[in-house]
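# Any chance you can model this:
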Amino acid sequence: MSVVIIGGNDRMHRLYKDTCKAYGCRAKVFTQPQSTMVQKIGNADLMIVFTGTVSYKMTKCALDHAKRRSTCVARSHSSSLSALHDILSVHCSGCKNRTCCPKAR
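Purely as a prediction, here's the structure:
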């Protein structure tokens with residue numbers, strides 16, 4: 001399963017990736033706006049948006065992309081590691097059983 005994380009803290013970039021890897025997910029993390037972000041997002045299975053640490057413009061761009069691709073979106077105001085664990089435990093537990101994501105079937 002591939003996960004895209006939008007927002008969060010720069011210093012936690014590696015922790016976000018390691019946590020996703022522990023859940024069996026490949027992660028791309030965008031903590032700062034990039035001009036080529038939409039092309040780099042690709043076709044992810046889950047998009048996590050940390051709304052407390054990201055600009056409105058970056059959020060809108062990511063959510064528009066997710067809507068076009070029918071990507072599952074999870075939002076959290078907190079950009080903590082605990083919030084990431086909570087989101088991944090809900091979304092990735094179903095994918096291990098092949099019941100959550102239509103792309104996992």
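
# Which positions in the helix or strand hosting Arg14 come out as buried?
Assigned by DSSP states H and E, Arg14 falls within helix 13-22. In terms of neighbour count (16 or more other CB atoms under 10 Å), helix 13-22 has its buried residues at His13, Tyr16, Lys17, Thr19, Cys20. The way it works is simple: take the backbone N, C-alpha and C, and place the C-beta from them, glycine included.

# and which of these is nearest Ser89?
Among the buried residues of helix 13-22, Thr19 lies closest to Ser89 (CB to CB), at 10.6 Å.

# That closest one - nearest residue in space that isn't next to it in sequence?
Excluding the flanking residues, the one nearest Thr19 by CB to CB, 6 or more residues apart in numbering is Leu84, at 5.5 Å.

# so where does the one you found fall, helix or strand?
Assigned by DSSP H and E, Leu84 falls in helix 81-96.
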